[in-house]
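**Q** Sequence below, structure please.
(chains A and B)
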Number of protein chains: 2
Amino acid sequence: MQALICSVGTEILLGNIVDTNSQYIASHLKDMGINVYKMVTVGDNFKRLEKVLKEDFYDYVFITGGLGPTEDDITKEVVMKVANKNKLLVDKDSLRALEEYFSKDDKAIDINKKQAIFPEDAIILKNPKGTAPGCIIESDKTKFVLLPGPPHEMTYMFDKEVAKHIMKDSFIKSVTVKTAFLGEWDMASRVDLSGENPTISPYATDNGCILRITASGKSEAEVDKLLARGINDVKESLGDYIITFEDKRKEEVLIDILRERKEFVATAESFTGGLIASSIIDIDGASDVIKESYVTYANSSKHDLLNVSYETIEKYDVVSKEVLKEMLDGLYKKTKAELTIATTGYAHLGKVFVGVLYKGEYIPKEYNFKGDRNRVRLRAKNRAIDLAITLMRGKYDNINI
Amino acid sequence: MQALICSVGTEILLGNIVDTNSQYIASHLKDMGINVYKMVTVGDNFKRLEKVLKEDFYDYVFITGGLGPTEDDITKEVVMKVANKNKLLVDKDSLRALEEYFSKDDKAIDINKKQAIFPEDAIILKNPKGTAPGCIIESDKTKFVLLPGPPHEMTYMFDKEVAKHIMKDSFIKSVTVKTAFLGEWDMASRVDLSGENPTISPYATDNGCILRITASGKSEAEVDKLLARGINDVKESLGDYIITFEDKRKEEVLIDILRERKEFVATAESFTGGLIASSIIDIDGASDVIKESYVTYANSSKHDLLNVSYETIEKYDVVSKEVLKEMLDGLYKKTKAELTIATTGYAHLGKVFVGVLYKGEYIPKEYNFKGDRNRVRLRAKNRAIDLAITLMRGKYDNINI
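**A** Coordinates of the predicted model:
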């Protein structure tokens, strides 16, 4: 099955915004076994959109944008022409949703009413995040899936409404696995990525490498069975490198462990400059597990706040395992947090030390990362969280990377 | 003048990566007066790329990706066919660059040699950031501009090499203005954005709102004069809301001011959790102006580390101007930094306080931001830096937002 993904919007052609919708749709279609043939962006222009939709035959055409209330919003009209649909009707549910959204403001409802009008046999896709509903319009050969442009509306609609209509005679489910320590490229040597059902695909994210396991089949039971097999394979291949099968950032997993044990974390950060603390505080519920943290960038503050000795700095350099250890010891003394995390490093060189101390167990790691300062910091932050989770789980001895 | 922007890469169609190159090119073409007609993404497939390039006539076709050394990399071959170029030659400079890059490793050079081969009349675009040079290939009607796929290579090449070849008979220059406090939408009411030469366009970035002023003309002198006029207009319209006309993040401007005065900054962050400190430490040279900072998330750490009184927290709530003031006073007492910055807030509600204290002058601000927790934190961070810069410059009294 072949698909075209088309985004409509002059603001994209002007370079005002990056189109992230196409990537989102593409990555999910891949899991559904639908092949994306091409992606196209056109402006809010009837003839150009019409031309793009007529250039080839596709089983599916996904269009984002151009569903709003203004003259510029031409997506539905173009698809109706291409799919040869003439009979229109007002969808009562959509109109009611608009009336509620605009709290009975007649003028606003009138302006927006266009968004509740569809070809008579279209499948309507609700949009609880905005005003423009989507729809699926079928011609003889093609299913046109029309989705709103704002990414948070589009992704919500895609997840809740689109998949079930597309996979009408079949079921599809995915599970995302968060992993520790491993890069996207380590996955190929550890996990069999060649399976067709379930598929297993690695992705690099700013929260470390993830694997998406996706199964499809004729019944829910069949899909669940296939998915369970995929999960089992990944478990066997990756073992203690797995952080979670749940839809959580790794910081959230760390917070869960700490909350359950009623324990606290504190950080003393040099080159990461507060990034580890802020990544933890970003998560709901962080206030149960983190009270304070320190950014000790200068030697003097490592000394004054954490009691790192100037002799150690002099003898081993401030970027050294020895200074890291004294930072952790000082931090523990000061905060009594069960888990302490420290960093010292040269971000611009990629030479960094990351250390964790949990109830007397101390793991120092030296890394030589490539990339710019921000990438080095981000990777160090992820490794720090990875180290903390595996150490607290008592699994660190099984890691050899 | 009409342009097509085409990105080549199966990994984009699979949803593995977001194509940011097209947006970058589009936003710069707009400033050059070149109209983007369409954007297309195709996989690494000869026939499909050929078809896309033949669909319409364009003055310019910008293609990113597919310039590497493997079988999959087909961009040059396809363009040669479409532009009807048959004679090839090895570009000596490009070959020498490859030899240097691979330190005389003959096998690697052999594999990569393809990247030094071009049609005989192509203009070669150097790639100091990677191995694949770009090129400009001209047919009767169209200039094909071939650029590498990795964004940091592409943007560098575009900025350094492409503009000057495209604007051969004319000159173009832009200046980017960083602003404080204002959003993209505030700009329309304060600055005349309707001019055609120079053009002035606002963009929202993660470092606050920027304005790009772009002028073009037949001579460098003419362009400089137009650009100076644009800069002057922006100065008159925005006054003390301007942070810099230089290509710097606002944190860098703050660091410059502190360095020049030989002064220090310290932060005490609650809901921002270290984001302000890490945004400063991200910049080269930060070690001259920041020694330490505190993340005081819990009430107890606000009390223990900053001496905020429990009575104040009890009486006014921890998210209050009164607690903010005590945080700043405590922070100053502890660090003696000339500039101190503090935050306290409910990130999930968007209700936040941001305060700065500089040599006895104290500015507390309450904000009610929309958006998710991360957006609220990012905006608070930007406002904190804005406040610090305008206060240190003695310009805060002229701000009324």
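**Q** surely residue A:85 meets residue A:137?
**A** Yes - in terms of C-beta atoms under 8 Å, residue A:85 counts as a neighbour of residue A:137; the distance is 6.4 Å. From N, CA and C alone the C-beta is placed, and that goes for glycine too.
**Q** list the residues that contact both of those two?
**A** Residues touching both residue A:85 and residue A:137 (C-beta atoms under 8 Å, 6 or more residues apart in numbering or on different chains): A:79, A:119, A:122.
**Q** Just name the closest of these to chain B, please.
**A** Distance to chain B, by C-beta to the nearest C-beta, is smallest for residue A:79 among these, at 17.9 Å.
**Q** got the contact list for the closest one?
**A** A:53, A:63, A:85, A:137, A:144, A:146.
**Q** Make JSON lines from these and add neighbour count and pLDDT to it.
**A** Shown next, in JSON lines, are these (neighbours: other C-beta atoms under 10 Å in any protein chain shown; pLDDT from 0 to 100):
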{"residue": "A:53", "neighbour count": "24", "pLDDT": "96"}
{"residue": "A:63", "neighbour count": "29", "pLDDT": "98"}
{"residue": "A:85", "neighbour count": "19", "pLDDT": "94"}
{"residue": "A:137", "neighbour count": "22", "pLDDT": "96"}
{"residue": "A:144", "neighbour count": "26", "pLDDT": "97"}
{"residue": "A:146", "neighbour count": "27", "pLDDT": "98"}
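**Q** Show me the residues you listed that map onto helices.
**A** Counting by DSSP state H, the part of the contacts of residue A:79 found in helices is residue A:53.
**Q** Show me the residue sitting in the middle of chain A in space.
**A** Against the mean C-alpha coordinate of chain A, by C-alpha atoms, centre = their mean, the closest residue is residue A:205 at 7.1 Å.
**Q** Show me which residues of stretch A:317-337 are buried.
**A** By neighbour count on 16 or more other C-beta atoms under 10 Å in any protein chain shown, the buried set for stretch A:317-337 is A:318-320, A:322-332, A:334-335, A:337.
**Q** wait, stretch A:123-140
**A** Neighbour count says stretch A:123-140 has A:125, A:127, A:130, A:131, A:132, A:133, A:134, A:135, A:136, A:137, A:139 buried, by 16+ other C-beta under 10 Å.
**Q** just checking, the last one touches residue A:82?
**A** Right, residue A:139. Yes - Residue A:139 is within contact range of residue A:82, at 7.2 Å (criterion: C-beta under 8 Å).
**Q** so where is the stretch 101-250 of chain A shaky, pLDDT-wise?
**A** A:169 (pLDDT under 70).
**Q** returning to what we had before: let me know the closest of the contacts of residue A:79 to chain B.
**A** Checking these against chain B by C-beta to the nearest C-beta gives residue A:53 as the nearest, at 12.8 Å.
**Q** correct me, but that closest one touches residue A:77?
**A** No - Residue A:53 lies out of contact with residue A:77 (C-beta under 8 Å); the separation is 11.8 Å.
**Q** Need the residues touching each of these two.
**A** With C-beta under 8 Å, 6+ apart, residue A:53 and residue A:77 have no common neighbours.
**Q** Now the element after the helix or strand that contains residue A:81, going C-ward?
**A** Remark: residue A:81 resides in helix A:75-82, with elements defined by DSSP states H and E. Under the assignment DSSP H and E, the closest C-terminal helix or strand after helix A:75-82 is strand A:88-90.
**Q** Tell me, how many residues neighbour residue A:362?
**A** Residue A:362 has 15 neighbours, counted by other C-beta atoms under 10 Å in any protein chain shown.
**Q** Let me know the distance separating it from chain B.
**A** To chain B, residue A:362 is 22 Å away according to C-beta to the nearest C-beta, to the nearest Å.
**Q** Show me which parts of the helix or strand that contains that residue are buried, residue by residue.
**A** Secondary structure assignment for residue A:362, by DSSP H and E: strand A:361-368. Under the neighbour-count criterion of 16+ other C-beta under 10 Å, strand A:361-368 has A:363, A:364, A:365 buried.
**Q** Perfect, that will be all.
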